[in-house]
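Student: With the input below, show me the fold.
(one chain, ligands or ions: 2)
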Amino acid sequence: MALLEVSGVTVAFGGNRALDGVGLNAERGRVTGLIGPNGAGKSTLFDVVSGLRRPSAGRVVLGGRDVTRYGPARRSRHGLARTFQRLELFGRLSVRDNLLVAAELGPERRRAAQVADALLNRLGLAGIAESGADTLPTGVARLVEVGRALAVRPGLLLLDEPAAGQDGDETERFAALLRSLAEDGTAVVLVEHDMGLVMGVCDEVYVLDLGKVIAVGPPEVIRADETVLAAYLGDA
Ligand code: ADP
Ligand code: MG
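Tutor: Ligands and ions are numbered 1, 2, ... in the order given. Prediction:
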């Protein structure tokens, strides 16, 4: 059974169907990609999965439990964490304190300082632990945001364009981090425009276009799918 099972999810903004009967599964130990042109509905789907937006139809099942009517805090207690396309760090706090604040909300709040230090090391941020979050280049700030999500030890991690602003070396290290999270048993869902990263790191890729899933499969199948190519060419 998949850790996350989304089925039939529909969201409309006025007459605009941002999501139209979307289904998506994410399994422990796997990185699941979610790609599609701008406006396809990727961030809206994350809002529905994380409980920030109630769908007009469809279900979100997490670990076999129907959480469709749960709010975000309750879902997070069931092991869900996400990052946002728009950064949501505490700009006045240091990198370490951003992680610490997040760890204090997690299941290991009594050893939050150790959790924060372990994350600093794992993410390669120890050297800038005392830097103010608002002084960081975007690519690094996104990594801190991933760290904040990891501080609550999520079973399901939703990442919305985490590699935007990273340079080539940073993206390579980030790819290794994603694989190691999957090896630890996390279910990772990755929204990302960097196709090299998506195709290199994902076990399975969903393609959204205009609120519908138009293709699902392993990277090598998605790369050769003509419907997918057409959706992206339409975007350009
Ligand atoms: P993506 O993340 O794939 O770029 P979004 O989920 O942000 O796409 O947007 C999907 C569609 O829903 C777009 O047409 C967008 O304009 C619309 N949309 C998203 N959020 C809102 C909102 N809060 N109010 C109205 N329309 C929205
Ligand atoms: Mg988006």
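
Student: OK, contacts around the residue nearest the centre of the chain?
Tutor: The residue lying closest to the centre of the chain (CA atoms, centre = their mean) is residue 159, at 1.7 Å. Residues near residue 159 by CB atoms under 8 Å, 6 or more residues apart in numbering: 82-83, 146, 149, 188-192. To be clear about C-beta, it is placed using only N, CA and C from the backbone, and glycine gets the same treatment.

Student: Burial check on residue 78, number of neighbours?
Tutor: Residue neighbour count, defined by other CB atoms under 10 Å, stands at 14 for residue 78.

Student: Can you pull the residues of this structure lying near ligand 1?
Tutor: By the rule CB under 6 Å from any ligand atom, the part of the chain lying against ligand 1 is 13, 16, 18, 36, 38-44.

Student: Redo those residues as a markdown table? Include pLDDT.
Tutor: A markdown table is the format used below for the residues of the chain next to ligand 1 (pLDDT from 0 to 100):
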| residue | pLDDT |
| --- | --- |
| 13 | 96 |
| 16 | 94 |
| 18 | 98 |
| 36 | 95 |
| 38 | 93 |
| 39 | 95 |
| 40 | 96 |
| 41 | 98 |
| 42 | 98 |
| 43 | 97 |
| 44 | 98 |
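
Student: For these, which two are the farthest from each other?
Tutor: 13 and 36 (16.8 Å; CB to CB).

Student: low pLDDT regions in the chain?
Tutor: Along the chain, the model assigns pLDDT under 70 to residues 233-236.

Student: Tell me the residues on it that lie near ligand 2, please.
Tutor: Selection of the chain residues close to ligand 2 by CB under 5 Å from the ion yields 42-43, 85.

Student: If we use 8 Å, what do you get?
Tutor: For the chain, the residues in contact with ligand 2 (CB under 8 Å from the ion) are 38, 42-44, 46, 85, 160-161, 191.

Student: Greatest separation within those: which pair is it?
Tutor: 38 and 46 (14.7 Å).

Student: which of these two has more neighbours?
Tutor: Per other CB under 10 Å, whichever of residue 38 and residue 46 has more neighbours is residue 46, with 21 against 7.

Student: quick revisit: right, and out of the contacts of residue 159, which lies closest to ligand 1?
Tutor: The closest of the contacts of residue 159 to ligand 1 turns out to be residue 191 (CB to the nearest ligand atom; 6.9 Å).

Student: contacting residues around the closest one?
Tutor: 33-35, 42-43, 46, 85, 158-161.

Student: Over to residue 102?
Tutor: Neighbours of residue 102 in contact, by CB under 8 Å, 6+ apart: 147-149, 151-152.

Student: again with residue 94
Tutor: Residue 94 is in contact with 129-133, counting by CB under 8 Å, 6+ apart.
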